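**Student:** My questions concern the predicted model and sequence given below.
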Amino acid sequence: MAPSIADKMSEQHEAIDGRLATTAMHLDAGRLAMAADAATALATALRHHAQLEEDYLFPAFARSPVADLELLGAMHRQHAEIVELVTALSAAAAAHDQGHALQAKAALHAALGAHDDEEEVLCAALDRSLDAAARAALLAQLAR
């Protein structure tokens, strides 16, 4: 079976989830300097993933016959929220403010879950609607 867009994005989510888990482990243990470093790596991974979505995934969806502009708008807003939350998490950990960092971690986890759910819908729609050549081209872009 040909690789799917949903599978490719899930691979990236697993890597991000691993970085979030590492950040959470350090934060929960009170290792705030390590949590701050892990949060920085998490922020970098999230920015890269969001940029791929903004540059390639979202435009492909917008051009597709199954485009849902409300869903795209929601996902753009979620990116802004996720950036704010990971920034708050990083700043709180760097400031050794475990309470605020834990709050930001919980909010970030929830925001990522909601975003991932909507992304699954978007990816499944693209997997169904794109022909093999268009899907292969998009997969190549998402592999960057």
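**Tutor:** All right, it came through fine. The structure presented is a predicted model; accordingly, all values stated were derived computationally and were not measured.

**Student:** Could you look up the SS state of residue 3?
**Tutor:** The assignment at residue 3 comes out as coil when based on DSSP: H, G, I helix; E, B strand; the rest coil.

**Student:** so where's this protein shaky on pLDDT?
**Tutor:** In the predicted model of the chain, residues 1 satisfy pLDDT under 70.

**Student:** Quick check: longest helix in it by residues?
**Tutor:** helix 98-129 (DSSP state H).

**Student:** got the buried residues for that one?
**Tutor:** By neighbour count on 16 or more other Cβ atoms under 10 Å, the buried set for helix 98-129 is 98, 101-102, 104-105, 107-108, 111-112, 115, 119, 122-123, 125-127. To be clear about C-beta, it is placed using only N, CA and C from the backbone, and glycine gets the same treatment.

**Student:** just the residues you listed now: which is nearest residue 82?
**Tutor:** Within those, distances to residue 82 taken as Cβ to Cβ reach their minimum at residue 111, with 5.3 Å.

**Student:** how close does the closest one sit to residue 67?
**Tutor:** 23 Å (Cβ to Cβ, to the nearest Å).

**Student:** Also residue 115?
**Tutor:** According to Cβ to Cβ, residue 115 stands 18 Å off from residue 67.

**Student:** cool, and residue 84?
**Tutor:** 27 Å.

**Student:** Also residue 100?
**Tutor:** Distance, residue 100 to residue 67, by Cβ to Cβ: 39 Å.
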